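J.: Everything below, folded, please.
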Amino acid sequence: MNRTTTFSELKKTVTLAIPLIFTQLLSHVLPVVDTVMAGREPPAVLASVALGTQIFVLIYLFMIGIALVITTQIARHQGAGDRLRIRRSFQQGVWLTAILGALTVVVTLAAAWVPQLIGSAPDIAQGARAYILFIAPGAGLFVCSLAARYFLDGMSHPRTSILVQLGLIPVNIVGNYVLLKGLGPIPPLGAAGMAIATSLCHALYALAMFHAVWRNPRWRPYRLFYRFAAPDWHAIKTFFRIGLPIALGLIMEAGLFVTVTLIVSRSDAIFTGANQIALNYAGLSFMVPLGLSYALTVRIGNARGEQNPVALRQRAVGGLYLAAIIMALAALVIFLFARFIVGLYTNNAAITPIAVNILFIIGIFQLVDGVQVCAAGILRGLQDTKMPMFYALIGYWIIGFPCGLLLAYHFGYGIYGLWGGIVAGLTCNAILGVRRVLRMTQLPTAQA
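T.: Model (predicted):
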């Protein structure tokens, strides 16, 4: 393959990836703001927000996994220059996310009683239940907005989402402060208040995103809302068929992290709070390769629509190398500044050393975590979604979780052993994913 062409392909991927990475970082800002502000409160408040957030994220990621198919379809039709199919995919995507949004509300409300059922400490369970109950309505609207967001991502135009999320950060901070601590006639509501503020931001995001898609002259030639089609159950079923393995793969990974959080929540607020701080930062750094993986999904989808196997191979291999380099730098940041990072969240002397130690473990798996999620993004662009799901099952639950339990309870490493199991699971998934990508993008001898 020509090196100049390879560099050109990589440059285009980076150009698309930067705004998508920024979008993902901003999408994680609200949980970070919640955690930072809760970290200045008594440990029980931080632990409640931690547990409530993790349970909600599991539900949210499942819905995202199914909705992500909108991006892959839009990107493929854009590569083929087919405006009619772009409009049809968007309209059926709106119906898809409407269904997912309603399901999100129902499942989130039901999940509010999970902390109590699993035996979390009573004060943590009560706060987490309140957090989940109040975040449910806004969460449903936020999932509905994914049709607009993933249309824009598939069209390589994520700027709108960036601007909207930037505008919502101060809204969330002010809302958290007022509802967490109380102001005037408003009483302090603790974790529930933070959920109300976040839920309001989710609703505003949905309203702004659909308004932007509707009013922006750039999208008028696509006639996205012209003769809005009734639900096409065959198309929606196809979305589910392609998206369900993506969703299951995501929750298998997220489920491992949530399971660790649930196990830790059975101890006390100190360990739960330390675990949440480390997990929150891990999630923040994960947004970088996740944004890159979305860019790779779009770029691979475009190449597939163009029927260009050489570009497909260049974009896939270049993306994996880029992910490895970025996450090696992310690991270095953790190793050098772990204590400083924890200090941004809390000054609690009991929580700090535990969170720092967990961050060191997170630093170890940064590289494989970035590579595995980018491999999944590439396979998503190829509409190869079933094998990554099986890889997630093998890596996280057949290898990772048993290893974590063994290290935690048999060898006595406790919370650090549980995180060691996550390292093992991510490493296995990365190896399997990269192997699959290289095999599926292999060029015929004449083109190599």
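J.: C-alpha only now, for contacts and for neighbours.
T.: Fine.
J.: show me where pLDDT drops low in the stretch 301-448 of the chain?
T.: 444-448 (pLDDT under 70).
J.: residue boundaries of the strands in it?
T.: In the stretch 301-448 of the chain, no segments count as strands under DSSP state E, counting those that start in this stretch.
J.: show me where it has helices.
T.: Counting by DSSP state H, counting those that start in this stretch, the stretch 301-448 of the chain has helices at residues 309-345, 351-381, 386-392, 401-405, 414-440.
J.: And the residue positioned nearest the centre of the chain, how close does it get to V258?
T.: Nearest to the mean C-alpha position of the chain, by C-alpha atoms, centre = their mean, lies L61 at 6.3 Å. Per C-alpha to C-alpha, to the nearest Å, L61 is found 12 Å from V258.
J.: Around P217, count how many other residues there are.
T.: 10 (other C-alpha atoms under 10 Å).
J.: same deal with I263?
T.: By the measure other C-alpha under 10 Å, the count of residues near I263 is 15.
J.: With N275 instead?
T.: 26.
J.: my guess is it contacts A355, does it?
T.: Yes: the criterion here is C-alpha atoms under 8 Å, and N275 meets it with A355 at 6.2 Å.
J.: So T108 is in contact with F134, correct?
T.: No: applying C-alpha under 8 Å, one finds T108 not in contact with F134, separated by 9.6 Å.
J.: mind listing what the closest residue in space to P19 that isn't next to it in sequence touches?
T.: Counting by C-alpha to C-alpha, 6 or more residues apart in numbering, P19 lies nearest to P158, which is 6.3 Å off, once chain neighbours are set aside. Counting by C-alpha atoms under 8 Å, 6 or more residues apart in numbering, P158 touches 19-20, 23, 149, 152.
J.: Farthest-apart pair in these, please.
T.: Between any two of the contacts of P158, the greatest separation by C-alpha to C-alpha is 12.9 Å, found for P19 and R149.
J.: Deepest-packed of the helices of the stretch 301-448 of the chain, please.
T.: helix 351-381 (a mean of 25; mean count of other C-alpha atoms under 10 Å).
J.: What angle do helix 414-440 and that one make with each other?
T.: 20 degrees (axes from the mean of the first three to the mean of the last three C-alpha atoms, to 10 degrees).
J.: For helix 351-381, name the packing helices and strands.
T.: Applying 3 or more C-alpha pairs under 8 Å, 6 or more residues apart in numbering; DSSP states H and E, one finds that helix 351-381 contacts helix 269-306, helix 309-345, helix 414-440.
J.: pLDDT wise, what is F62 at?
T.: Predicted confidence (pLDDT) for F62: 90.
J.: Only the buried residues of the helix or strand harbouring it, if you could.
T.: For F62, the host element (DSSP states H and E) is helix 43-67. Neighbour counts over helix 43-67 (16 or more other C-alpha atoms under 10 Å) mark 43-67 as buried.
J.: and what of stretch 214-233?
T.: Result for stretch 214-233 [16+ other C-alpha under 10 Å]: buried residues 214, 222, 224.
J.: what sits against the second one?
T.: What it means is Y222. With C-alpha under 8 Å, 6+ apart, Y222 has these contacts: 83-84, 86-87.
J.: now swap in the first one and tell me
T.: Taking C-alpha under 8 Å, 6+ apart, we find W214 in contact with 224-225.
J.: before we move on, what SS does it have?
T.: Three-state call for W214 (DSSP: H, G, I helix; E, B strand; the rest coil): helix.
J.: any idea how far it is from L207?
T.: When W214 is compared with L207 (using C-alpha to C-alpha), they lie 11 Å apart.
J.: One more: the last one?
T.: Separation of L224 from L207 (C-alpha to C-alpha): 16 Å.
J.: Would you reformat the helices of the stretch 301-448 of the chain as a markdown table and include distance to Q91?
T.: Below are the helices of the stretch 301-448 of the chain laid out as a markdown table (distance: least, C-alpha to C-alpha, whole Å):
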| stretch | distance to Q91 |
| --- | --- |
| helix 309-345 | 28 |
| helix 351-381 | 20 |
| helix 386-392 | 25 |
| helix 401-405 | 40 |
| helix 414-440 | 31 |
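J.: so which of those gets nearest F286?
T.: helix 351-381 (7.0 Å).
J.: would you list the helices and strands packed on helix 351-381 in a markdown table and tack on distance to V143?
T.: A markdown table is the format used below for those (distance: least, C-alpha to C-alpha, whole Å):
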| stretch | distance to V143 |
| --- | --- |
| helix 269-306 | 17 |
| helix 309-345 | 27 |
| helix 414-440 | 27 |
